[in-house]
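Asker: coords below, sequence missing:
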């Protein structure tokens, strides 16, 4: 009986850890990625952001980056975005997710930092995922 209780406590703590991981990334960014909302995403971009997307890569200003992401969303037609993994190190955090478009699936990487207590996206990578 003690073993069962220990297992239940362990499972609940693991479930709680998983749940807390999936909720620490702002829901606004999850929804914006899922909905293909480039302007909401751009509201979180750093002044200059490093981006790697299919056919495009470089360091872009916030406005340029918004246009690049808008073009990508226009051709991809996002359907669903799910977080696979996330973590933090010092004042930076990262999120890895899966973005399912109308015809293809992409792996999405966000690198974020807290600047003056505001979450800012420093790097965004969207790479075609091979099934």
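Answerer: Structure received. Computed from a predicted structure; not experimentally measured. Numbering: from 1, shown residues only.

Asker: where's residue 77 relative to residue 85, distance?
Answerer: Per C-beta to C-beta, to the nearest Å, residue 77 is found 25 Å from residue 85. (Glycine included, C-beta is placed from N, CA and C.)

Asker: for residue 53, that is, sorry about that
Answerer: Note on residue 53: its distance to residue 85, by C-beta to C-beta, is 20 Å.

Asker: neighbour count winner among these two?
Answerer: The neighbour count for residue 53 versus residue 85, taken as other C-beta atoms under 10 Å, is higher for residue 53 (20 against 11).

Asker: what sits against that one?
Answerer: Contacts for residue 53 were tallied using C-beta atoms under 8 Å, 6 or more residues apart in numbering; they are 68, 69, 72, 124, 125, 126.

Asker: following the host helix or strand of residue 58, which helix or strand shows up next?
Answerer: Mapping residue 58 onto the secondary structure by DSSP states H and E places it in strand 56-61. Read in the C-terminal direction, the helix or strand following strand 56-61 is helix 62-76, with elements assigned using DSSP H and E.

Asker: what residues does the very next helix or strand once past that next one touch?
Answerer: Scanning forward in sequence from helix 62-76 by DSSP H and E, the next helix or strand is strand 80-89. Where contact means C-beta under 8 Å, 6+ apart, the residues beyond strand 80-89 that reach it are 21-22, 24-25, 30, 33-34, 93-100, 108.

Asker: Return the distance of residue 52 relative to residue 69.
Answerer: Applying C-beta to C-beta, the value for residue 52 to residue 69 is 12 Å.
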